[in-house]
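K.L.:
mind looking at a prediction? Sequence and model below.
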Amino acid sequence: MNEQTPNPTLAGAPQLQHSSAPHAPHAPQPMLESEARTWAMLIHLIAAAAVVLSAGFLGFVVPLVLWLIYRERSALVDFHGKQNLNLQLTVLVVSIGAVVIGLVTLFFGFILTIPAWIAYGIYALVISIVAGVKANRGEYYRIGLVIPFVK
């Protein structure tokens, strides 16, 4: 081909227009009910495992991450994410409070705080399993004895 002959691959082809205007974000696609029940259950059960493995200090990470990812896709996941996040943040407050009281009282406070810390930890573990089972059934189970940090 010489310079005067048009390129046959470009002749008549539509020209792509590139816009620099921002595009509207896509709305999150709703979850299937079975998928929502599974994620709601996993929020509770994985958080319970994290509480055991971190002595109550990192249990809030899992429900926070999963809740932030899936909250807009399912009302059930949103509800259970908030419930477990409140539970885990309460466990964190109790854990930090127990350590601070123990240290401030020159370790004498641990006589009271360690049993209370263990008791609340057992409660959090058991209630996470119960809430996980309820979530898997599609029930909206409200966890008691928590500080409502996230509403």
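P.N.:
Everything's here; your move. From a predicted model like this one, the values you see are computed outputs, not experimental measurements.
K.L.:
when you work out contacts or count neighbours from here on, use the C-alpha atoms and nothing else.
P.N.:
OK.
K.L.:
for this structure, what's the longest helix?
P.N.:
In the chain, assigned by DSSP state H, the helix with the most residues is helix 75-104.
K.L.:
roughly how far out does that helix sit from the chain middle?
P.N.:
In terms of CA atoms, centre = their mean, to the nearest Å, the gap separating the centre of helix 75-104 from the centre of its chain is 13 Å.
K.L.:
next: stretch 66-73.
P.N.:
7 Å.
K.L.:
got the angle for the host helix or strand of A116 vs helix 75-104?
P.N.:
Element membership for A116 (DSSP states H and E) is helix 110-136. Counting by axes from the mean of the first three to the mean of the last three CA atoms, to 10 degrees, helix 110-136 points 170 degrees away from the direction of helix 75-104.
K.L.:
average pLDDT across helix 110-136?
P.N.:
When pLDDT is averaged over helix 110-136, the result is 94.
K.L.:
go on, stretch 94-102?
P.N.:
So the average pLDDT for stretch 94-102 ends up being 92.
K.L.:
one more: stretch 65-77?
P.N.:
Mean predicted confidence for stretch 65-77 is 96.
K.L.:
swap in stretch 29-46?
P.N.:
96.
K.L.:
name the surrounding residues that touch it.
P.N.:
62-63, 66-67, 72-74, 76-77, 80-81, 84, 128-129, 131-138 (CA atoms under 8 Å, 6 or more residues apart in numbering).
K.L.:
what of stretch 105-118?
P.N.:
With CA under 8 Å, 6+ apart, stretch 105-118 has contacts from 94-95, 98-99, 101-103.
K.L.:
list buried residues within these.
P.N.:
Buried members of the contacts of stretch 105-118, counted by 16 or more other CA atoms under 10 Å: 94-95, 98-99, 101-102.
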